[in-house]
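> give me the fold of what follows.
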Amino acid sequence: MKTVEEIKAAIEAAVPSASVEIVQNPAPSAQHSLLLKAETAVAVAKFLRDDAELALDFLSNVTGVDWPDKEITEKVKVTKMVTKTVEGTEQQVEETVEETRKRVEPGYLEVVYHLYSMTKKHGPVVFRMRTGNRADDVKLPSMTPVWRSAEYQEREVFDLYGVEFVGHPDLRRILMWEGFKDHPMRRDYVEPDDFEYEPTAHDEVLKRAQAHQAAAAAAAEGQKGAAQ
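Model prediction:
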């Protein structure tokens, strides 16, 4: 099978508008992947499936990843005017100093696809797509029109991470119920504490549930007193 560098070159030759980046995997497996732009991802996917040499006709796995905002601390060198005493006289002179600065790198959601060729008996080839952010720019093209096996797996990523797959034939929750709020696999997801079923054996969750119930009872009592 072609190397990931050769596959990248083949994609860019077949789909000139495609922008492909190799994402290095430092693990011993060295299973590097291809980062695709959403705008050309479907065209690239069709090429990977239909190319006679690659023939990646089987999509085995679709995985979601949540990358929250990340605060980065870095040291930068800046030139400042500082006051110094030179031969008994205070003067303004330029001096290069090192400052520690913090910046926030915006987060995003990522979807990873693993492809194999049943015809050629090779794989995997891994490609990924990333959303613009984690809030209001979470749309990516669905791969279901290219590989039908993406249908249920993309529904799971939609349900648990919140990625909206454009072109999916039946995009709805698959594990959580309709009307469920939020996405349980997001790293900032906060699980509920207003359990209505039997008390859980997990002490920490039980304590939160009891505190929630006590607060609700106190609020109800307050409303009752105000009405009297």
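
> please make it C-alpha for all contacts and neighbour counts, starting now.
Fine.

> contacts only, for L34.
Residues counted as contacts of L34 (Cα atoms under 8 Å, 6 or more residues apart in numbering) are V4, K8, V20, E21, I22, V23, V126, F127, R128.

> roughly how far apart are the first one and Y113?
If you measure V4 against Y113 using Cα to Cα, to the nearest Å, the figure is 14 Å.

> over to the fifth one?
Remark: distance between I22 and Y113 (Cα to Cα) = 14 Å.

> and those two? Which one has more around it.
A direct count of neighbours by other Cα atoms under 10 Å for I22 and Y113 places Y113 higher, at 20 against 14.

> ok, and the closest non-adjacent residue to that one?
Computed as Cα to Cα, 6 or more residues apart in numbering, the closest residue to Y113 that is not its neighbour in sequence is V62, at 4.8 Å.

> and the one you found, how many neighbours?
For V62, the count of nearby residues is 23 (other Cα under 10 Å).

> show the pLDDT at it.
At V62, the pLDDT value in this model is 98.

> element containing it, please.
Taking DSSP states H and E as the definition, V62 sits inside strand 58-67.

> again with V97
strand 89-105.

> mind listing the strands that strand pairs with, and their directions?
For strand 89-105, the paired strands and their directions (DSSP bridges) read strand 70-86 (antiparallel).

> for the longest helix seen in the chain, buried residues please.
Criterion DSSP state H: the longest helix present in the chain is helix 203-227. By 16 or more other Cα atoms under 10 Å, the buried positions in helix 203-227 come out as V205, L206, A209, H212, Q213.

> now do stretch 173-183
Neighbour-count burial for stretch 173-183 [16+ other Cα under 10 Å]: R173, I174, H183.

> can these go into TSV with extra columns for pLDDT?
Converted to TSV, the buried residues of stretch 173-183 look like this (pLDDT from 0 to 100):
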residue	pLDDT
R173	96
I174	96
H183	96
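
> closest to G222 out of those?
H183 (33.4 Å; Cα to Cα).

> on that earlier part again, after the strand holding V97, next one along is what?
That would be, after strand 89-105 and using DSSP H and E, strand 108-117.

> ok, whichever helix or strand comes after that following strand: who's next to it in the sheet?
Under the assignment DSSP H and E, the closest C-terminal helix or strand after strand 108-117 is strand 122-130. Strand 122-130 pairs in its sheet with strand 33-36 (parallel), strand 108-117 (antiparallel), by DSSP bridges.

> outside of strand 122-130 itself, list whatever touches it.
Residues outside strand 122-130 that contact it (Cα under 8 Å, 6+ apart): 1, 4, 31-38, 56, 108-117, 140.

> now do the helix or strand that comes right after that strand: distance to the chain's middle.
For strand 122-130, the following helix or strand on the C-terminal side (DSSP H and E) is strand 139-141. Mean-position distance between strand 139-141 and its chain equals 12 Å (Cα atoms, centre = their mean, to the nearest Å).

> other SSEs contacting strand 139-141?
strand 164-166 (3 or more Cα pairs under 8 Å, 6 or more residues apart in numbering; DSSP states H and E).
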